[in-house]
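Novice: Below is the sequence, then the predicted model.
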Amino acid sequence: MSIENVKSILSDLIAFPTVSSESNLALIEYTGAVLERAGARVSIMKSDCQTKANLFATLGPERDGGIVLSGHSDVVPVEGQDWSLEPFQMTERDGRLYGRGTCDMKGFIACCLSFAGDLNAANLTRPLHFAFTYDEEVGCFGAKALVKDLSDRGIRPSVAIIGEPTMMRVIEGHKGCYEYTTHFHGLEGHGSQPERGVNAIEYAVRYIARLMELGKALKSRVQEESRFDPPWSTVQVGRIYGGAGRNIIAGNCCVEWEMRPVCKSDAELVKSDIREYADEVLVPAMRELYPDASIVTETIGEVEGLSVATESEARDIAFELTGANGADVVAFGTEAGLFQEFGMSAVICGPGSIEQAHKTDEFLSVEQLNACIKMLTGLRTKLL
């Protein structure tokens, strides 16, 4: 498992422009071919739209208790970013590997593929699984489909290592990520007579104000032992759009918002309160003038957090492989909570910094790539 081989694979992976809005099938076919050459049993599961797919592959015996190495194949867009280099062509410069997805998270996938090629499947006594998913960046839809597929097939791994960029720190917990779009439908009219219309923007603003009140209330529910930064659950409005012009009563408006709950009860509090406020206060007021007025919330994705476990085989393995003697928690979300919910012991540990993810001229240092190679090389002893 050489650094040059890993860099060669990473270069190939970066060349696939797997932005979440586009297909990832070519990359999945590539990774499947590499794993099949290594002797793995490969399954490719397409999404309902048939333009995307998950890959699940296994080296070693067919039994429960295997170890999963997991990464998402999709990347965020580059539009609107002023890249100084070609984003979908890997460039090596001054000990850094530049390109969209180098750290988030194709660097880890490249290490996994190279590691598979170095293993002799016949010598493994514990299964090693590879899980590469689609649409993590827009709601973890691929991972949700993957764990359902594993359940249906009766495949029960016991450990999952998710290689998100952590600078090879061991991460044992993170908040959940719940994302929504709320649609407001009112009645258009002339701006000179606002009382004859139902202004969707006005009601969206009132809705947002309630969300902000709930965000403040969550601070009083902070758990003393919380290790997150910030320690409480958060609510955030990312986008609002609607209306046709300043002199037209807005007939429609949309609000895109999210929350990052520390615990599920906080999420349920926000959901129930804002739903009640919309249904019992805002909608009746809108319908006094326009019976067809409505407020509809679309769930984009609800991904549970990774809960810190008292006992964790995944954490113990990661400690041994990295030499770490402590684990951290992070505020950003991953697919780890879905694996944990499925019954696996899960941990996050991968090369690169989250500070580089999603940014212009994203990069992964060669030093970090070598650290990941070292970790996976050590994993060999856990499989024999």
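Specialist: Nice, I can see it.
Novice: Name the residues that touch stretch 277-289?
Specialist: Around stretch 277-289, the neighbours that count as contacts under CB atoms under 8 Å, 6 or more residues apart in numbering are 182, 186-187, 196-198, 203, 206-207, 210, 293-295, 297. To be clear about C-beta, it is placed using only N, CA and C from the backbone, and glycine gets the same treatment.
Novice: And for stretch 17-36?
Specialist: Stretch 17-36 is contacted by residues 9, 12-13, 16, 42, 44, 46, 51-55, 57, 73-78, 88, 100-101, 109, 113, 116-117, 130, 132, 134-135, 137-138 when judged by CB under 8 Å, 6+ apart.
Novice: helices or strands up against the longest helix along the chain?
Specialist: Longest helix of the chain, by residue count under DSSP state H: helix 200-219. If you count contacts as 3 or more CB pairs under 8 Å, 6 or more residues apart in numbering; DSSP states H and E, helix 200-219 packs onto strand 177-185, strand 234-242, strand 252-260, helix 264-277.
Novice: Out of the ones you listed, which is closest to residue 378?
Specialist: Of all the helices and strands packed on helix 200-219, strand 177-185 sits nearest to residue 378, with 30.9 Å by CB to CB.
Novice: chain center to the next helix-or-strand element following that closest one, what's the gap?
Specialist: Scanning forward in sequence from strand 177-185 by DSSP states H and E, the next helix or strand is strand 189-190. Offset of strand 189-190 from its chain centre (CA atoms, centre = their mean, to the nearest Å): 42 Å.
Novice: cool, and stretch 68-87?
Specialist: In this view, stretch 68-87 has its centroid 13 Å away from the chain centroid, taken as CA atoms, centre = their mean.
Novice: begin at 594 from here
Specialist: Sure, I'll start numbering at 594, so the last one becomes stretch 661-680.
Novice: so for it, what's the average pLDDT?
Specialist: What stretch 661-680 shows for mean pLDDT is 96.
Novice: repeat for stretch 901-912
Specialist: 96.
Novice: Identify the residues contacting the longest helix of the chain?
Specialist: With CB under 8 Å, 6+ apart, helix 793-812 has contacts from 775, 777-779, 825-830, 833, 835-836, 843-848, 850, 859, 862-863, 866-867, 870-871, 875, 878-879, 888.
Novice: Filter the residues you listed down to the buried ones.
Specialist: Among these, those classed as buried by 16 or more other CB atoms under 10 Å are 775, 777-779, 825-828, 830, 833, 835-836, 843-846, 848, 850, 859, 862-863, 867, 870-871, 875, 879, 888.
Novice: before we move on, the earlier item: go ahead and build a ChimeraX selection from the buried members of the contacts of stretch 610-629.
Specialist: Here is the ChimeraX command that selects only those of the contacts of stretch 610-629 that count as buried (16+ other CB under 10 Å):
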select :602,605,606,609,635,645,646,647,648,650,666,667,668,669,671,681,693,694,702,706,709,710,723,725,727,728,730
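Novice: From the contacts of stretch 610-629, which land in strands?
Specialist: Using DSSP state E, the subset of the contacts of stretch 610-629 located in strands is 635, 637, 639, 646, 647, 648, 650, 723, 725.
Novice: ok, now which ones touch the second one?
Specialist: The reference is to residue 637. Counted by CB under 8 Å, 6+ apart, residue 637 has contacts 621, 622, 625, 646, 647, 648.
Novice: same check, this time on the third one
Specialist: For residue 639, the residues meeting the contact criterion (CB under 8 Å, 6+ apart) are 618, 645, 646.
Novice: any weak-confidence spans in the stretch 844-977 of the chain?
Specialist: Of all residues in the stretch 844-977 of the chain, none has pLDDT under 70.
Novice: Let me see the ranges of the strands in it.
Specialist: With strands called from DSSP state E, counting those that start in this stretch, the stretch 844-977 of the chain shows them at 845-853, 887-896, 921-923, 938-941, 956-958.
Novice: quick one: which of these is nearest residue 973?
Specialist: Per CB to CB, nearest to residue 973 of the strands of the stretch 844-977 of the chain: strand 938-941, 18.0 Å.
Novice: how about the helices and strands packed on helix 793-812 in a markdown table, adding distance to residue 763?
Specialist: Listed next are the helices and strands packed on helix 793-812 as a markdown table, based on distance: least, CB to CB, whole Å:
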| stretch | distance to residue 763 |
| --- | --- |
| strand 770-778 | 21 |
| strand 827-835 | 24 |
| strand 845-853 | 21 |
| helix 857-870 | 24 |
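Novice: what about the ones you listed, which gets the closest to residue 895?
Specialist: strand 770-778 (4.8 Å).
Novice: And the closest one, what does it pack against?
Specialist: Judged by 3+ CB pairs under 8 Å, 6+ apart, strand 770-778 is in contact with helix 793-812, strand 845-853, strand 887-896.
Novice: Please find the angle between the direction vectors of the first one and helix 857-870.
Specialist: Between the axes of helix 793-812 and helix 857-870, defined by axes from the mean of the first three to the mean of the last three CA atoms, to 10 degrees, the angle is 150 degrees.
Novice: Repeat that for the shortest one.
Specialist: Here strand 845-853 runs at an angle of 160 degrees relative to helix 857-870 (the same axes, to 10 degrees).
Novice: relative to strand 827-835, how tilted is strand 845-853?
Specialist: Using the same axes, to 10 degrees: strand 845-853 against strand 827-835 is 160 degrees.
Novice: who does strand 845-853 pair up with?
Specialist: Its sheet considered, strand 845-853 pairs with strand 770-778 (antiparallel), strand 827-835 (antiparallel) by DSSP bridges.
Novice: quick one: average confidence on the first one?
Specialist: This points to strand 770-778. Averaging pLDDT along strand 770-778 gives 97.
Novice: what secondary structure does residue 821 sit in?
Specialist: With DSSP: H, G, I helix; E, B strand; the rest coil as the basis, residue 821 sits in coil.
Novice: and it, what does it touch?
Specialist: Counting by CB under 8 Å, 6+ apart, residue 821 makes contact with 768, 855, 922, 923, 924.
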